[in-house]
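[1] Let's see this in three dimensions:
(2 chains)
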Amino acid sequence: MSLLAEKDKKYLEDLFEKELENNVKLIFFYDDDNAEYCDLESQLLDELRELSEKIVVEKYPKNSEKGSEYNIEFAPALLLTLEDSKDRGVRFYGVPSGHEFATLIQDIVTFGKDARPQLSEETVAKLMELDKPIRISVFVTPTCPYCPKAALTAHSLALASDKIIAEVIEANEISDLSEQFGVSSVPHIAVNRNPDKFFVGAFPEPQFLQQLLELSE
Amino acid sequence: MGLFDIGSMSAEVKEYYDIVIIGAGPAGLTAAIYARRAGLTVLVIEKAIEGGAVTQTHIVENWPGEISIEGQILGQKFADHAKHFGAEIHYAFAQKVTAEREYKIVEFDNGSTVKCKVLIIATGTEPRKLGVPGESEFRGKGVTYCAACDGYLFKDKDVVVIGGGDSACDESHFLAKIVNSVTMIQNLPYLTAAKVLQERILNDPKIKVVTNHVVKEIRGNKKVEEIVITHNETNEETVIKTDGVFIYVGLLPKTEIVKDVVTMNDYGYIITDENMETNVPGIYAVGDIRIKSLRQIVTATADGAIAVEHAAKKYL
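    Numbers count the residues shown, from 1 in each chain, chains lettered A, B, ... in the order given. Sure, this is the predicted structure:
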């Protein structure tokens, strides 16, 4: 049975046709643990690939050479890249389902335009000054309407700076990590994988960046 | 919401629209429907989800024609309706509004802007804070304001819900399906929710209601562990062990974006005339954000319709 509704497929087909200027690569990692979620996401990616010839899907076991190359820690994992497979720091741990599916689609559209994020000049200028790496972990749930904005902002920042990795983590699926980080309200944005350095809630771009920079110091 | 929801896909923003609406809740979306049917170009700006706060409501039972409908489905129907007639929805934070003669300009959080002749503010409300020690300290560590977002993070745990109104009762009912137990704390001697909601709560074996108590403090180490409540008359303190605190103690208007632009009352609600127009010509306010006696979906949608009918004749 198809995961995507026919009318959604039609919408996405038109959207990809209109918006994608170049190929977008979705690199997927699976594992025997979390097999149910891995199978679900695998099927979802197959359905997406059917909707545009510009969408390229690659699948690897988490414990593989590719998995180590991209430093994949959990499965299911999804990495978005351009044709060159270069890691741009944009990833999902756990299935991008519910409201988070829109984040994936928005990411695909952004990558389909040469992976250029739409950020303000002030934000880009501040990112240029970064001198050390930052890892942003955005914990989300599929039923959280405020989460896509936080997830997209994090991914945009990663695209704008090669110092930033932004991982969107489904809190229920990757439960060990979310428990370790004490996630009880989403979006929960942890900085540099430090459980004590986090903020909660959806914020406009300037405030998101400001909190991120303060917590990363 | 489906398993894979494409509701929140952004429209590409053009330079100009006849009407720009901030907020995609029932009021804003109804305004969009009326505007599109009048042949006007419309952009709706939304920071979270199309359908607005109603999508966070578990069940709605007072929207005529729907005896009982999940809030997220009703909200989605409003959005689908508006998009069916060609309304565009853009997902971003509107950060700033400026009025220059006949044009209004809205700035987004990424610095880009959009211009319009008529601006409709439909930003609604946000949860009121309880204002007790521990509340902000444990935000994100067990204190939350969104059962739909965070409910499943408390699966099989014990939670308290603060409040006794419609939202508190509706969300307690929702949470009881997920968590081990719900204890409702209400400051008044009785619940204030609609009678049908109260009955649902009182008949649910997983929900316990404690009335006539106020919350004094939320305590814990790294995360919430207990709350302290005091009896209104005896001042006797009781400690309740809990994993989570869901707060539903009323709403506050979200008027940050127009606070220096339009006139508001002392509580922050926008003042409008009977056509929903503010003191600034061409800027309207609709729904929960304006001064009114009843904040409901039915009154919000009515506001949206009235505003557009008036604006179309006067400015477009």
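
[2] where does residue 17 fall, phi/psi-wise?
    If you meant another chain, say so; for now it's chain A. phi -60, psi -40 (degrees, to the nearest 10).

[3] Can you look at chain B instead?
    phi -130, psi 150.

[4] How about A:Arg91?
    According to degrees, to the nearest 10, A:Arg91 has phi -150, psi 160.

[5] Surely it and A:Leu78 touch.
    Yes. Using CB atoms under 8 Å as the test, A:Arg91 is close enough to A:Leu78 to be in contact (6.4 Å). From N, CA and C alone the C-beta is placed, and that goes for glycine too.

[6] got the domain boundaries for the chain?
    If you meant another chain, say so; for now it's chain A. A:6-111, A:121-216 (automatic domain parsing).

[7] actually chain B
    Split by automatic domain parsing, chain B gives B:16-127+B:251-315, B:143-247.

[8] and the ones you listed as TSV, adding mean pLDDT and mean neighbour count?
    Shown next, in TSV, are these (pLDDT from 0 to 100; neighbours: other CB atoms under 10 Å in any protein chain shown):
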stretch	mean pLDDT	mean neighbour count
domain B:16-127+B:251-315	95	20
domain B:143-247	96	19
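
[9] what about those domains, which gets the closest to A:Ile72?
    With CB to CB, the closest approach to A:Ile72 among the domains of chain B belongs to domain B:143-247: 24.2 Å.

[10] Can you check the distance spanned by the closest one, start to finish?
    8 Å (CA to CA, to the nearest Å).

[11] rewinding a little: most tightly packed of the domains of chain A?
    Ranked by mean neighbour count, the domains of chain A are led by domain A:121-216 with a mean of 21 (mean count of other CB atoms under 10 Å in any protein chain shown).

[12] Quickly check: that one near chain B or not.
    Yes. When contact is scored as CB under 8 Å from any CB of the partner chain, part of domain A:121-216 falls within range of chain B: A:121-123, A:141-149, A:171-172, A:178, A:182-186, A:188, A:198-200, A:202, A:204-206.

[13] Within range of chain A, give me the residues from the stretch 1-150 of chain B.
    Residues of the stretch 1-150 of chain B lying near chain A (CB under 8 Å from any CB): B:1-10, B:47-49, B:55-56, B:91, B:93, B:95, B:109-112, B:139-144, B:146, B:148-150.

[14] Now A:Gly182: closest residue in space, sequence neighbours ignored.
    Setting aside the residues directly before and after it, A:Gly182 is nearest to B:Lys223 in space (CB to CB, 6 or more residues apart in numbering or on different chains), at 5.5 Å.

[15] Repeat that for A:Glu47.
    The shortest distance from A:Glu47 to any non-neighbouring residue, by CB to CB, 6+ apart, is to A:Leu4 (5.2 Å).

[16] measure the one you found to A:Leu12 for me?
    Here the distance between A:Leu4 and A:Leu12 works out to 7 Å (CB to CB, to the nearest Å).

[17] So for the two, which residues contact both of them?
    Residues touching both A:Leu4 and A:Leu12 (CB atoms under 8 Å, 6 or more residues apart in numbering or on different chains) are A:Leu48.

[18] List the contacts of residue 89.
    You didn't say which chain, so I picked chain A. Per CB under 8 Å, 6+ apart, neighbours of A:Gly89: A:Ala158, A:Leu159, A:Asp162, A:Ile164, A:Ile165, A:Ala166.

[19] other chain: chain B
    B:Ser10, B:Ala11, B:Ala24, B:Leu43, B:Val44, B:Ile45, B:Glu46, B:Glu50, B:Ala79, B:Ala82, B:Lys83.

[20] so the first one makes contact with A:Thr103?
    No. Distance between B:Ser10 and A:Thr103: 11.0 Å, which falls outside the contact criterion (CB under 8 Å).

[21] Which stretches in the chain count as helices?
    Answering for chain A, as no chain was given. A:6-19, A:35-49, A:65-69, A:100-111, A:121-128, A:147-160, A:175-180, A:205-216 (DSSP state H).

[22] sorry, should have said chain B
    With DSSP H as the criterion, chain B has helices spanning B:26-37, B:71-84, B:147-150, B:166-176, B:195-202, B:297-315.

[23] got a list of contacts for the second one?
    Residues outside helix B:71-84 that contact it (CB under 8 Å, 6+ apart): B:1, B:7, B:24-26, B:29-30, B:32-33, B:36, B:44, B:49-52, B:54-60, B:63, B:66, B:89, B:148, B:297.
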